[in-house]
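Peer 1: Predicted model and sequence below, questions to follow.
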Amino acid sequence: MASAITTLAADAPTLSAANTGFMLICSALVMLMTPGLAFFYGGMVRVKSSLNMLMMSFISLGIVTILWVLYGFSLAFGTDSGSLIGWNSDYVGLSGIGITELWDGYTIPVYVFAVFQLMFAVITPALISGALADRVKFSAWALFTALWVTVVYFPVAHWVWGAGGWLFELGVIDFAGGTAVHINAGAAALGVILVIGKRVGFKKDPMRPHSLPLVMLGAGLLWFGWFGFNAGSWLGNDDGVGAVMFVNTQVATAAAMLAWLAYEKLRHGSFTTLGAASGAVAGLVAITPSGGAVSPLGAIAVGAIAGVLCAMAVGLKYRFGYDDSLDVVGVHLVGGVAGSLLVGLFATGGVQSDVAGLFYGGGFAQLGKQAIGVAAVLAYSLVASALLALLLDKTIGMRVGEDVEVSGIDRVEHAETAYDFSGAGGGTTSRNTAATAPAASKKVDA
Amino acid sequence: MKLITAIVKPHKLDDVKDALHTFGVQGLTVTEASGYGRQRGHTEVYRGAEYQVDLVPKIRIEVLTEDDDAEQLIEVIVSAASTGKIGDGKVWSIPVDSVVRVRTGERGADAL
């Protein structure tokens, strides 16, 4: 993230109320993406495990927020050490930061930057959970989230965005998180599922989404929140780059949705709702790294290419036999890789960065740098995440018992079920419930 | 007495009900059902994965009738429920030993 504002050498940036307000709103928009993701995923699983899916995303808002304040912000954005990690004791517990202290040459307070980046850290592990639907102990998942952000996300965010981070210094363009968020989460998902294995009945039982309306609600919230994710990543709006990013986010997402639906119609004969939702998310993922570097026409190309590639990629799990339950690898890893590499082709050199891609006379240099960024994050996240999963699996165990998985993880792990289907011929009768309920609550009171 | 059971397409329920009413049938029982015949079910596609859904929604209509009316009643149902397309359903009858009207205790033909 290079300085957004051209200042005279003597001019020190001052706090901009407009940019600060804009960034607080963007932070709130990015926060909304995590519950949006929870619905996107939650609707895609079967009824019996829908609460668990919602909770696996939602818990990230708790765990990662606390770790970010305690030490995460310091590791990701503190003073660089060896190009690999940061540290700044003032950031520990956000204890040494003045409320008007500005972030690194920008016009927004450090607090605002910290909270904006916090929301990125929250959603990234939540993205992984879609690959693990129905079968992971909630306690193991919570612990995995804490360990994963510490060992993988905080360092990788430093590599990509931290001053002195090695990918940042190399010149890899990752405007809003193609490598740090999406490739990172997608590769982690692949690493974990290779360790924990498939759901019971994978490829045999039908595992149809229980609520496509919830999936659409989630996808819509993601799309909406993504404007904060992308347009906010310029950390202000003095020069119009944030607006370009906003436009490109909309354009690429639309193109990807249409491309996915067209592919589906040709390949399977129907325009599906899940396809529309998935195509939109694929476009959002792909434009994330590239949206500040390409033109709106370039964004159409990025979205359309990603839409088709991701639609093709989601079938790979059946061919290779890994159970990426909700296609985190197919959408986030493949979409993130596509978007990150397409920067090397479509960067115009006239927006966020002055580096031009291959199609704009820049040669292969940027494409090479993007490929290094992709490969480094993919490899590190895949291996580290698989090792973390292995560690947890050998100690506390990652998976619930087969009987729990079959009968439904919600009831056992959360002592709740998502919907009450009782009534004539199903479950407890209303009369029995009414008779036992007061007794049960008395017991709790006593 | 006979129990006539008809499995028909949901959108033909009204036609069958009207036809039975015209024929003079006083009462019937309707249940939502699902099943399949020779045509099996349909295919759904989720992100390229195709699922064969065997069970298709049907309506089950049950009518009690006297032996003499049974054949004609079956014909009435068949003609009202028929679309000529696959999946139109089936109608069958089975003998009934006894029938009691719960309110009055009447038995046999009086209870119909």
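Peer 2: Great, that's in hand.

Peer 1: Quick one: classify the nearest residue to B:Gln39 once chain neighbours are set aside as helix, strand or coil.
Peer 2: Spatial nearest neighbour of B:Gln39, excluding adjacent residues (C-beta to C-beta, 6 or more residues apart in numbering or on different chains): B:Ile86 at 4.6 Å. (Each C-beta comes from the backbone N, C-alpha and C, glycine too.) Put simply, B:Ile86 is coil when judged by DSSP: H, G, I helix; E, B strand; the rest coil.

Peer 1: I'd like the distance between B:Ile86 and B:Val56.
Peer 2: Using C-beta to C-beta, to the nearest Å, B:Ile86 is found at 11 Å from B:Val56.

Peer 1: Show me which of these two is the more surrounded one.
Peer 2: Neighbours were counted for B:Ile86 and for B:Val56 using other C-beta atoms under 10 Å in any protein chain shown; B:Val56 has more, 17 against 8.

Peer 1: Now do the same for the closest residue to the more buried one other than its chain neighbours: its pLDDT.
Peer 2: Nearest non-adjacent residue to B:Val56, counting by C-beta to C-beta, 6+ apart: B:Gly41, 5.1 Å away. B:Gly41 is assigned a pLDDT of 79 by the prediction.

Peer 1: and B:Pro57, how many neighbours?
Peer 2: Neighbours around B:Pro57, by other C-beta under 10 Å: 10.

Peer 1: same question, A:Asp420
Peer 2: Neighbours around A:Asp420, by other C-beta under 10 Å: 10.

Peer 1: same deal with B:Arg38?
Peer 2: B:Arg38, neighbours per other C-beta under 10 Å, totals 6.

Peer 1: now swap in the one 3 residues further on and tell me
Peer 2: Under the neighbour criterion other C-beta under 10 Å, B:Gly41 is assigned a count of 15.

Peer 1: That one and B:Val53, how far apart?
Peer 2: 5 Å.

Peer 1: in the helix ranked longest in chain B, what's buried?
Peer 2: Taking DSSP state H as the criterion, chain B has its longest helix at helix B:67-81. For helix B:67-81, a neighbour-count test (16 or more other C-beta atoms under 10 Å in any protein chain shown) marks B:Asp69, B:Ala70, B:Leu73, B:Ile74, B:Val76, B:Ile77, B:Val78, B:Ala80, B:Ala81 as buried.

Peer 1: pull the CA atoms of the helix or strand where A:Leu297 lies into CSV?
Peer 2: Per DSSP states H and E: A:Leu297 is located in helix A:296-313. C-alpha atoms of helix A:296-313 as CSV (Å, rounded to 0.1, in the frame of the first residue of the first chain):
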residue,chain,number,x,y,z
PRO,A,296,-13.2,-1.4,-15.7
LEU,A,297,-12.9,-3.3,-19.0
GLY,A,298,-10.0,-5.2,-17.5
ALA,A,299,-12.3,-6.0,-14.5
ILE,A,300,-14.9,-7.5,-16.9
ALA,A,301,-12.1,-9.8,-18.2
VAL,A,302,-10.9,-10.7,-14.8
GLY,A,303,-14.4,-11.5,-13.6
ALA,A,304,-15.4,-13.5,-16.6
ILE,A,305,-12.2,-15.6,-16.6
ALA,A,306,-12.5,-16.2,-12.9
GLY,A,307,-16.2,-17.1,-13.2
VAL,A,308,-15.5,-19.8,-15.7
LEU,A,309,-12.3,-21.1,-14.1
CYS,A,310,-14.0,-21.5,-10.7
ALA,A,311,-17.1,-23.1,-12.1
MET,A,312,-14.8,-25.7,-13.7
ALA,A,313,-12.6,-26.0,-10.6
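
Peer 1: after that helix comes which helix or strand?
Peer 2: Remark: after helix A:296-313, the chain's next helix or strand is helix A:316-320, criterion DSSP H and E.

Peer 1: Could I get the buried residue list for that next one?
Peer 2: For helix A:316-320, the neighbour count (16+ other C-beta under 10 Å) marks A:Lys317 as buried.

Peer 1: Can you tell me what sits against it?
Peer 2: A:Lys203, A:Asp323, A:Asp324, A:Asp327, A:Val329, A:Gly330, B:Ala49 (C-beta atoms under 8 Å, 6 or more residues apart in numbering or on different chains).

Peer 1: For the residue lying closest to A:Phe229 once chain neighbours are set aside, which three-state class applies?
Peer 2: Leaving aside its sequence neighbours, A:Phe229 sits nearest to A:Val30 (C-beta to C-beta, 6+ apart; 5.0 Å). Look at A:Val30: counting by three-state DSSP, its state is helix.

Peer 1: who's in contact with A:Val30?
Peer 2: Contacts of A:Val30 (C-beta under 8 Å, 6+ apart): A:Phe116, A:Met119, A:Phe120, A:Ile123, A:Gly225, A:Gly228, A:Phe229, A:Gly232.
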